[in-house]
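Chemist: Model the following, please.
(one chain, ligands or ions: 3)
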Amino acid sequence: MTTSSAPGKVYLFGEHAVVYGEPAVPCAIERRARVTVERREDERLRVRANDLTLDGFTVTWGGSGTDPRPDVDVPTPLVEAAMGYIDGAIEQALDAAGEDGIGFDITVESDIPLGAGLGSSAAVVVAGIDAAARELGVELDAGTIADRAYRVEYDVQDGQASRADTFCSAMGGAVRVQGDDCQRIEDVPTLPFVIGYDGNTGDTGKLVAGVRELKEAYGFAADTVESIGDIVRSGEIALDDGDVEEIGRLMNFNHGLLSALGVSARSLDTMVWAAREADALGAKLTGSGGGGCIVALDRTEQTHTALEYTPGCEDAFRAELDTEGVRRER
Ligand SMILES: Nc1ncnc2c1ncn2[C@@H]1O[C@H](COP(=O)(O)OP(=O)(O)O)[C@@H](O)[C@H]1O
Ligand SMILES: C[C@@](O)(CCOP(=O)(O)O)CC(=O)O
Ligand SMILES: [Mg+2]
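Modeler: Numbering: from 1, shown residues only. Ligands and ions are numbered 1, 2, ... in the order given. A predicted model of the protein is given here:
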């Protein structure tokens, strides 16, 4: 039995635009998904994912001669997507080990809210690939895991995924991703993250498709995507200078442009404004948007407290940058 974990992330800058070749800077946070994998005697996959719904559930699927569908009577899109991520992770591990037709018992436990812009899918896939590969006796380096995890996200998200989430989760720390070029950013200043969560989810595929349509219909929407790239480039200079105030200002601008691209939501805007009114250095939505989380920078407790009292904010918490990526737990 092997267990691996991998962190979630916030986007300091650049989500959505990164899908079109602009750079982005996601930062891993100390909230993890843990995946435990144990080889079975047969070819089936049995998955326990207690965080997936309020009640949690256990499903078994796969194996030759059996119905490939899970044997639960809740065939929700959530279950379908989760099957896709977990199947994909196992497939990648089997491929890396040169094996086939091996079943596993898999348990997923996670502190990362689902579908909320904190990269829970990437964390589950990254941890799943590492745990399953180790269970098969293969040690993969973080770069290889990132690459294989990206292929899984790309498939499940119908070809609309950047390498940002998976690379960040595998490597940890702050990273810069532009197309296939993925690097860690060293010596980042202390980033006092505060996260607000509205309890909702956004549909990543739909939101990405919406931005693509706008970008194809309007030159100014395409310019907006490029402007987000400019913000990221300025943000890299501010990171290099350790200028956290400037990083905050750029986050505010980035939120405005994401909003213009139609991926914010009233609840996200409300939390962003609550953070600004609490004198946060900056605040923006993180991830695909539509609902989920905002990330603010504040060295004081004011934003955290303000968010706790903001209607529509279900949870507010501080998060530290996690310099460690995928990690062997057992
Ligand atoms: N704890 C978990 N157990 C099982 N599957 C999970 C878990 N966390 C995330 N997932 C999978 O990842 C999906 C959410 O990914 P996504 O929509 O990309 O949002 P995000 O990556 O921002 O959290 C879930 O619908 C589920 O398929
Ligand atoms: C919108 C996007 O840039 C980030 C999506 O992040 P999340 O899955 O919502 O955490 C898409 C991508 O980069 O694959
Ligand atoms: Mg995701």
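Chemist: Surely residue 202 is in contact with residue 286?
Modeler: No - counting by CB atoms under 8 Å, residue 202 does not reach residue 286; the two are 10.6 Å apart. All C-beta spots, glycine's among them, are computed from the backbone N, C-alpha and C.
Chemist: With neighbour numbers in mind, choose between these two.
Modeler: Ranked by neighbour count (other CB atoms under 10 Å), residue 202 and residue 286 place residue 286 first, with 31 against 22.
Chemist: what residues are shared contacts of residue 202 and residue 286?
Modeler: The contact sets of residue 202 and residue 286 overlap at 117, 292 (CB atoms under 8 Å, 6 or more residues apart in numbering).
Chemist: ok, the nearest residue to residue 24 once chain neighbours are set aside to residue 232 distance?
Modeler: Spatial nearest neighbour of residue 24, chain neighbours left out: residue 14 (2.8 Å); criterion: CB to CB, 6 or more residues apart in numbering. Distance, residue 14 to residue 232, using CB to CB, to the nearest Å: 4 Å.
Chemist: swap in residue 109?
Modeler: On the measure of CB to CB, residue 109 and residue 232 end up 33 Å apart.
Chemist: For these two, indicate the residue with more neighbours.
Modeler: Between residue 109 and residue 232, residue 232 has the larger neighbour count (other CB under 10 Å), namely 24 against 17.
Chemist: Now name the helix or strand holding residue 246.
Modeler: Using DSSP states H and E, residue 246 maps to helix 244-260.
Chemist: which element follows that helix toward the C-terminus?
Modeler: Next in line after helix 244-260, if elements are assigned by DSSP H and E, sits helix 266-277.
Chemist: hang on, the earlier thing: pull up the overlap in contacts between residue 14 and residue 232.
Modeler: Contact with both residue 14 and residue 232 is made by residues 22-25, according to CB under 8 Å, 6+ apart.
Chemist: Any idea how many residues pack against residue 153?
Modeler: Neighbours of residue 153 under the rule other CB under 10 Å: 24.
Chemist: any idea how far ligand 1 is from it?
Modeler: 7 Å (CB to the nearest ligand atom, to the nearest Å).
Chemist: Relative to ligand 2, how far out is that residue?
Modeler: From residue 153 to ligand 2 the distance is 7 Å (CB to the nearest ligand atom).
Chemist: now that residue, nearest residue through space, not along the chain?
Modeler: In space, residue 153 is closest to residue 161, 4.3 Å off (CB to CB, 6+ apart).
Chemist: Hmm, residue 152 and the one you found touching each other?
Modeler: No - because the distance of 9.1 Å does not satisfy CB under 8 Å, residue 161 is recorded as not touching residue 152.
Chemist: Those two: who's more crowded?
Modeler: residue 152 (27 against 23).
Chemist: the domain parsing of the chain - what is it?
Modeler: 2-185, 193-319 (automatic domain parsing).
Chemist: Just give me the lowest mean pLDDT stretch among those.
Modeler: Of all the domains of the chain, mean pLDDT reaches its minimum on domain 2-185 (a mean of 89).
Chemist: Check the offset of it from the chain's centre.
Modeler: Computed by CA atoms, centre = their mean, to the nearest Å, the separation of domain 2-185 from the middle of its chain amounts to 10 Å.
Chemist: For that domain, measure first residue to last.
Modeler: 30 Å (CA to CA, to the nearest Å).
Chemist: Going along the chain, name the helices of this structure.
Modeler: Secondary structure of the chain (DSSP state H): helices at 77-97, 120-135, 142-156, 164-171, 204-217, 219-241, 244-260, 266-277, 302-308.
Chemist: Out of those, which is closest to residue 195?
Modeler: Closest approach to residue 195 among the helices of the chain (CB to CB): helix 302-308, 8.4 Å.
Chemist: got the buried residues for the closest one?
Modeler: Buried residues in helix 302-308, defined by neighbour count with 16 or more other CB atoms under 10 Å: 302-304, 306-307.
Chemist: That helix - contacts with which helices or strands?
Modeler: In terms of contacts (3 or more CB pairs under 8 Å, 6 or more residues apart in numbering; DSSP states H and E), helix 302-308 is packed against strand 193-197, helix 266-277, strand 315-319.
Chemist: Right, I'll leave it there.
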